[in-house]
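>>> here is a sequence with its predicted model. Questions after.
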Amino acid sequence: MKGRPTDMKTAIYPGSFDPVTSGHLNIIRRAANIFDHLIVCVMVNAGKNPLFSLEERVDLIRRVTSDIPNVEVDGSQELLAEYARKRGSCVIVKGLRAGSDFENEFQMALINHKINPTLDTMFLTAEHQYMYLSSSTVKELARYDVDLSDFLPEEIIPDFKERIRNRNLK
Ligand code: ADP
């Protein structure tokens with residue numbers, strides 16, 4: 001029956017968000033407009049040596065999304081398909097930048113659907129000004145004296161710069 005709270009559509013936007021960029025935030029805002037409840041979930045990527053811990057990444061995203069009431073930020077070490085099942089969500093949201101994202105994302109969508117057949121993946125295309133933007137690009141740029149305000153939400157730029165400075169001192 002329509003209109004009941006059980007009809008609430010919850011989607012999950014997973015990623016490593018190390019750190020959250022303006023491109024991620026753009027996807028978060030657009031997905032939050034489409035779904036009733038959006039869970040941004042920071043996932044562990046075993047292949048990466050992160051700049052920020054899982055808890056710190058969750059905290060940074062909470063700070064930049066505090067004005068969006070239907071966004072929840074969480075972190076998980078679980079398999080995404082399992083996490084989605086536990087949270088009662090059947091939609092994964094992903095951002096697609098260039099064709100290079102497609103191959104990998106398509107494969108992950110199929111695997112997630114295989115593990116959890118109620119789970120579908122929906123793609124939002126990146127806005128043109130963020131098409132080139134990734135967390136790793138921003139980390140690369142941070143080695144030089146570049147204005148980061150087109151790439152990162154203003155609130156987190158000082159935290160990011162400080163972390164890069166500390167890491168370079170080690
Ligand atoms: P990255 O380290 O490449 O930024 P993440 O794992 O943090 O990647 O990204 C999480 C999700 O956000 C992925 O679906 C990715 O394609 C998407 N994404 C990353 N950057 C952008 C961007 N600039 N515009 C749109 N989507 C993006």
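On my side now, so go ahead. Just so you know, these numbers come straight off a predicted model, no measurement behind them.
>>> going forward, measure contacts and count neighbours with C-alpha atoms only.
Noted.
>>> got the residues of the chain near the ligand?
For the chain, the residues in contact with the ligand under the definition C-alpha under 6 Å from any ligand atom are 14-17, 23-24, 27, 94-97, 126, 130-131, 133-136.
>>> please repeat the previous calculation with a cut-off of 5 Å.
G15, S16, F17, G23, K94, G95, L96, A126, Y130, L133, S134, S135 (C-alpha under 5 Å from any ligand atom).
>>> D74: helix or strand, and which one exactly?
With elements taken from DSSP states H and E, the one containing D74 is strand 71-76.
>>> any buried residues in that strand, and which?
V71, E72, V73, D74, G75 (16 or more other C-alpha atoms under 10 Å).
>>> tell me which residues are up against it.
32, 37-44, 54-55, 58, 61-62, 65, 83 (C-alpha atoms under 8 Å, 6 or more residues apart in numbering).
>>> any quick PyMOL command for the buried ones out of the residues you listed?
Selecting only the buried entries of the contacts of strand 71-76 in PyMOL, with 16+ other C-alpha under 10 Å as the criterion:
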select buried, resi 32+37+38+39+40+41+42+43+44+54+58+61+62+65
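>>> mind checking which of the contacts of strand 71-76 land in strands?
The subset of these located in strands under the criterion DSSP state E comprises H37, L38, I39, V40, C41, V42, M43.
>>> wait, the third one sits on G15?
What that stands for is I39. No - counting by C-alpha atoms under 8 Å, I39 sits too far from G15 to count as a contact (11.2 Å).
>>> now V93, what's its secondary structure?
Under DSSP: H, G, I helix; E, B strand; the rest coil, V93 falls in the strand class.
>>> my read: it touches A11, true?
Yes - here V93 reaches A11: they are 6.6 Å apart, a contact under C-alpha under 8 Å.
>>> who has more neighbours, these two?
Here V93 and A11 are compared on neighbour count by other C-alpha atoms under 10 Å; more neighbours surround A11, at 27 against 21.
>>> export only the CA atoms of the helix or strand where the more buried one lies, formatted as PDB.
With elements taken from DSSP H and E, the one containing A11 is strand 10-15. Coordinates of the C-alpha atoms in strand 10-15 are reproduced here as PDB (Å, rounded to 0.1, in the frame of the first residue of the first chain):
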ATOM      1  CA  THR A  10      16.300   3.900   1.300                       C
ATOM      2  CA  ALA A  11      19.300   4.000  -0.900                       C
ATOM      3  CA  ILE A  12      23.000   3.400   0.000                       C
ATOM      4  CA  TYR A  13      25.800   5.400  -1.500                       C
ATOM      5  CA  PRO A  14      29.000   3.500  -0.700                       C
ATOM      6  CA  GLY A  15      32.600   4.500  -1.300                       C
END
